[in-house]
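Q: sequence and computational prediction follow.
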Amino acid sequence: MSQVVAAAASDASAQAGAGGGAFDVSGLIMHHLTNSNEIEVPFTHLSIPLPRIHIGGFDLSITKHVVMMWIACAILFGLARLAARRASDPVPTGWRNGFEVLIKYLRDEIVRKTIGHDADKYLSYLLTCFFFIWTCGLLGLVPSMSTPTSNIAVTATLAILAFLVIQVAGMVKFGVVGHLKNIVPGGLPLWLYPIMIPVEILGLFTKPFALCIRLFANMTAGHVVILGLISLIFILKSAWVATVSVPFTLFIFVLELLVCFIQAFIFTTLVSTFIGMSVHPAH
Amino acid sequence: MDPRGLAFLGAGLGAGLALIGAGMGIGRLAASAMEGIARQPQSAGTIQTAMLIAAGLIEGAALFALVICFLLSAK
């Protein structure tokens, strides 16, 4: 928390020193939220430029959010290894215990209830979704790190992968034509089909799109509020504003912790529900 | 009137109106969740989970509106 204030303070002094009078709020927020080709070294004002790689017209350069995703992967890999260390012990302790609580809850209440008896095939993908989105969100709350999932390209990729898993799940079970026929519910009067078929096909695409936008907007909005509240101190140019602003920011920060967990949980629950609808169509 | 000013005005009004809808929706949701828990305290866990999921979905809809407001204010 104090890091956020310190970072904003150093940004403000840099801008004021650079010859502006006003504090550039939107510039600060954009700088913290958007992707960039440099990584800031914590506690200093140095930035390490990252390699820009262009292959065949695609911009595959390594940016701040890419590095954050790698850090999230490394953290998850390390924690999972830690949790699996004494996997043959009958009584779980430590990290394994904590992971097991979450995994059992997800498996029994969410995945098995929505997908039914094929649930364990999709469990590894759904658990990965959950822990990856949660870790990415939590990373953004650490000072001088940023949230990969506040980049719409990252959430769009997660949504596209979810779309692929949902369609392939249905197609593997029913065949391509069978799956497409299952999308529209059966037993409808004939005149309803011309309305239902476009609606259902559109629904196939809007559901992952909603997943993408929901995650992106939740992650971005929280950070904008935190940065905006801290910037209020610098806009109003008075240290007394801090007595109101900092507790409010602390409250929003703690709320962000909850929101990261809830959004990861909702993403996983919805993908699990859609897979269930694909694999067990409701007629 | 300057079109950029109108865009900012639209963005602000839109965000506020979206918040009214989300607030009312989640408020009603929380009220019925409270009532359900009060009637049957042993189902508090199930009701709480369902409440969080529904609140997340309603908030997702409100955040759609927020994204459009962001797009407007970035013009």
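A: Perfect, thanks for sending it.
Q: report all helices and strands that the helix or strand harbouring B:Met24 contacts.
A: For B:Met24, the host element (DSSP states H and E) is helix B:3-39. Applying 3 or more CB pairs under 8 Å, 6 or more residues apart in numbering or on different chains; DSSP states H and E, we find helix B:3-39 packed against helix B:44-73. In this view, the C-beta of every residue, glycine as well, is placed from N, C-alpha and C.
Q: can you state the direction angle for the helix it packs on and helix B:3-39?
A: Interaxial angle, helix B:44-73 versus helix B:3-39 (axes from the mean of the first three to the mean of the last three CA atoms, to 10 degrees): 180 degrees.
Q: and helix B:44-73, is it in reach of chain A?
A: Yes: on the criterion CB under 8 Å from any CB of the partner chain, helix B:44-73 is in touch with chain A at B:49, B:52-53, B:55-57, B:59-60, B:63-64, B:66-67, B:70.
Q: how close does the residue nearest to A:Arg107 when sequence neighbours are not counted sit to A:Phe251?
A: Excluding its sequence neighbours, the residue lying closest to A:Arg107 (CB to CB, 6 or more residues apart in numbering or on different chains) is A:Leu123, at 6.1 Å. Applying CB to CB, to the nearest Å, the value for A:Leu123 to A:Phe251 is 36 Å.
Q: what about the helices in chain A?
A: Assigned by DSSP state H, chain A shows helices spanning A:2-17, A:25-33, A:64-83, A:94-105, A:112-115, A:119-139, A:152-174, A:176-183, A:193-235, A:241-279.
Q: could I get the buried residue list for the helix holding B:Met24?
A: For helix B:3-39, a neighbour-count test (16 or more other CB atoms under 10 Å in any protein chain shown) marks B:Ala7, B:Ala11, B:Gly14, B:Ala15, B:Ala18, B:Ala22, B:Gly25, B:Ile26, B:Leu29, B:Ala33, B:Gly36, B:Ile37 as buried.
Q: now it against helix A:193-235, angle please.
A: If you take the same axes, to 10 degrees, helix B:3-39 sits at 100 degrees to helix A:193-235.
Q: low-confidence regions, the stretch 151-283 of chain A specifically.
A: A:282-283 (pLDDT under 70).
Q: over to chain B?
A: Residue ranges of chain B with pLDDT under 70: B:75.
Q: what about the residue sitting nearest the centre point of chain B, distance to chain A?
A: Most central in chain B under CA atoms, centre = their mean is B:Ala22, positioned 2.7 Å from the mean C-alpha point. Per CB to the nearest CB, to the nearest Å, B:Ala22 is found 12 Å from chain A.
Q: ok, B:Gln42 next?
A: Distance from B:Gln42 to chain A, by CB to the nearest CB: 16 Å.
Q: my guess is A:Gly276 meets A:Thr114, correct?
A: Yes: in this structure A:Gly276 lies within contact range of A:Thr114 using CB atoms under 8 Å: 3.8 Å.
Q: verify the stated contact: the residue nearest to the centre of chain B with B:Leu57.
A: No: contact between B:Ala22 and B:Leu57 fails when scored by CB under 8 Å: they sit 10.8 Å apart.
Q: fine, thanks again, bye for now.
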